[in-house]
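**Q** got a predicted structure plus its sequence, pasted below:
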Amino acid sequence: MSAHGTLHHVELWVPDLGRAVASLGWLLEELGYQQFQDWAAGRSWRLGPTYLVVEQSPALTADRHDRCRPGLNHLAFHVKDAATVEQLAADAARHGWQLMFPEKHPHAGGAAHYAAYLQNDDGFEVELVSSAGQC
(Lines give C-alpha, C1' and ligand atoms only; values in the text may rest on other atoms or scores of the structure.)
Protein backbone atom coordinates (compact mmCIF):
# COMPACT_ATOMS: atom_id res chain seq x y z
CA MET A 1 0.00 0.00 0.00
CA SER A 2 1.34 3.41 -0.97
CA ALA A 3 1.55 6.23 1.56
CA HIS A 4 0.62 8.67 -1.21
CA GLY A 5 -2.09 11.00 0.05
CA THR A 6 -2.08 9.78 3.64
CA LEU A 7 -1.42 12.15 6.50
CA HIS A 8 2.32 12.52 7.14
CA HIS A 9 2.16 14.27 10.52
CA VAL A 10 0.19 16.64 12.70
CA GLU A 11 1.97 19.22 14.85
CA LEU A 12 0.22 20.67 17.88
CA TRP A 13 1.67 23.67 19.64
CA VAL A 14 0.99 23.28 23.33
CA PRO A 15 1.36 25.74 26.23
CA ASP A 16 2.95 23.17 28.57
CA LEU A 17 4.97 20.26 27.20
CA GLY A 18 4.79 18.29 30.45
CA ARG A 19 0.98 18.40 30.51
CA ALA A 20 0.83 17.46 26.82
CA VAL A 21 3.10 14.46 27.34
CA ALA A 22 1.03 13.39 30.36
CA SER A 23 -2.31 13.60 28.53
CA LEU A 24 -1.74 13.28 24.79
CA GLY A 25 1.33 11.09 25.18
CA TRP A 26 -0.52 8.68 27.45
CA LEU A 27 -3.45 8.45 25.04
CA LEU A 28 -1.28 7.98 21.95
CA GLU A 29 0.66 5.19 23.62
CA GLU A 30 -2.61 3.50 24.68
CA LEU A 31 -3.68 3.66 21.01
CA GLY A 32 -0.48 1.94 19.86
CA TYR A 33 1.71 4.91 18.95
CA GLN A 34 5.38 4.67 19.88
CA GLN A 35 7.62 7.53 20.88
CA PHE A 36 9.41 8.69 17.75
CA GLN A 37 11.32 11.89 18.52
CA ASP A 38 12.22 13.77 21.70
CA TRP A 39 13.86 17.19 22.09
CA ALA A 40 13.88 19.95 24.72
CA ALA A 41 10.70 21.66 23.47
CA GLY A 42 8.82 18.72 21.97
CA ARG A 43 8.07 15.08 21.47
CA SER A 44 6.45 12.96 18.80
CA TRP A 45 4.75 9.58 18.57
CA ARG A 46 4.40 7.44 15.46
CA LEU A 47 1.95 4.82 14.23
CA GLY A 48 2.67 3.46 10.77
CA PRO A 49 3.72 6.27 8.42
CA THR A 50 1.99 8.99 10.47
CA TYR A 51 3.28 10.80 13.50
CA LEU A 52 1.90 13.38 15.90
CA VAL A 53 4.08 16.13 17.35
CA VAL A 54 3.55 18.24 20.48
CA GLU A 55 5.79 21.26 20.80
CA GLN A 56 6.01 24.08 23.31
CA SER A 57 7.10 26.82 20.91
CA PRO A 58 8.34 30.20 22.12
CA ALA A 59 6.29 31.70 19.27
CA LEU A 60 2.94 30.81 20.93
CA THR A 61 0.49 33.72 21.07
CA ALA A 62 -1.92 32.21 23.65
CA ASP A 63 -1.72 29.95 26.69
CA ARG A 64 -4.71 27.72 25.89
CA HIS A 65 -6.09 26.03 22.78
CA ASP A 66 -9.59 27.18 21.78
CA ARG A 67 -11.21 24.47 19.68
CA CYS A 68 -14.05 26.84 18.76
CA ARG A 69 -11.78 29.30 16.94
CA PRO A 70 -10.62 28.81 13.35
CA GLY A 71 -8.14 25.95 13.18
CA LEU A 72 -8.12 22.52 14.73
CA ASN A 73 -11.37 21.51 16.43
CA HIS A 74 -10.40 17.97 17.41
CA LEU A 75 -8.56 14.80 16.50
CA ALA A 76 -10.59 11.60 16.06
CA PHE A 77 -9.06 8.16 16.49
CA HIS A 78 -10.34 4.70 15.59
CA VAL A 79 -10.59 2.42 18.62
CA LYS A 80 -11.02 -1.33 18.15
CA ASP A 81 -14.34 -1.69 19.99
CA ALA A 82 -16.82 -0.10 22.39
CA ALA A 83 -15.32 -1.81 25.45
CA THR A 84 -11.95 -0.23 24.69
CA VAL A 85 -13.60 3.18 24.19
CA GLU A 86 -15.12 2.81 27.67
CA GLN A 87 -11.86 1.67 29.25
CA LEU A 88 -9.92 4.58 27.73
CA ALA A 89 -12.61 7.06 28.78
CA ALA A 90 -12.53 5.72 32.35
CA ASP A 91 -8.72 5.80 32.55
CA ALA A 92 -8.45 9.23 30.90
CA ALA A 93 -9.41 11.19 34.02
CA ARG A 94 -6.14 10.11 35.67
CA HIS A 95 -4.23 11.59 32.72
CA GLY A 96 -5.64 15.11 32.43
CA TRP A 97 -8.81 14.44 30.40
CA GLN A 98 -12.46 15.18 31.14
CA LEU A 99 -15.41 13.50 29.43
CA MET A 100 -17.36 15.96 27.31
CA PHE A 101 -21.14 15.68 26.90
CA PRO A 102 -21.48 13.10 29.72
CA GLU A 103 -25.28 13.27 29.56
CA LYS A 104 -25.12 11.99 25.96
CA HIS A 105 -22.20 9.57 26.29
CA PRO A 106 -21.50 7.33 24.37
CA HIS A 107 -23.86 8.59 21.66
CA ALA A 108 -23.08 12.32 21.62
CA GLY A 109 -22.43 11.96 17.88
CA GLY A 110 -25.79 10.26 17.26
CA ALA A 111 -27.50 6.98 18.02
CA ALA A 112 -25.42 4.97 15.54
CA HIS A 113 -22.08 6.53 16.58
CA TYR A 114 -20.31 5.03 19.62
CA ALA A 115 -17.59 7.35 20.86
CA ALA A 116 -16.06 9.15 23.82
CA TYR A 117 -15.36 12.85 23.49
CA LEU A 118 -12.56 14.00 25.78
CA GLN A 119 -10.97 17.38 26.46
CA ASN A 120 -7.67 17.91 28.25
CA ASP A 121 -6.64 20.70 30.59
CA ASP A 122 -5.20 22.73 27.69
CA GLY A 123 -8.45 22.65 25.70
CA PHE A 124 -7.54 19.99 23.12
CA GLU A 125 -10.37 17.61 22.20
CA VAL A 126 -10.09 14.03 21.03
CA GLU A 127 -12.83 11.71 19.86
CA LEU A 128 -12.37 7.99 20.40
CA VAL A 129 -14.61 6.19 17.90
CA SER A 130 -15.45 2.49 18.13
CA SER A 131 -14.48 0.87 14.86
CA ALA A 132 -16.68 -2.11 15.73
CA GLY A 133 -19.87 -0.07 16.14
CA GLN A 134 -22.05 -0.21 19.22
CA CYS A 135 -21.85 -2.66 22.14
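**A** Structure received. None of these values were measured; they are calculated from a predicted model.

**Q** point out where the chain drops to low pLDDT.
**A** Applying pLDDT under 70 to the chain flags residues 1, 133-135.

**Q** same for the lengthiest helix in the chain, what does it pack against?
**A** In terms of residue count, the longest helix belonging to the chain (DSSP state H) is helix 82-92. Helices and strands touching helix 82-92, by 3 or more C-beta pairs under 8 Å, 6 or more residues apart in numbering; DSSP states H and E, are helix 26-30, strand 97-99, strand 115-120, strand 125-130. The way it works is simple: take the backbone N, C-alpha and C, and place the C-beta from them, glycine included.

**Q** check which helices and strands the first one sits against.
**A** Using 3+ C-beta pairs under 8 Å, 6+ apart as the contact criterion, the neighbours of helix 26-30 among helices and strands are strand 42-47, helix 82-92.

**Q** for Arg67, grab the count of nearby residues.
**A** Applying other C-beta atoms under 10 Å, we find 12 residues neighbouring Arg67.

**Q** what strand or helix carries Leu60?
**A** According to DSSP states H and E, Leu60 maps onto no helix or strand at all.
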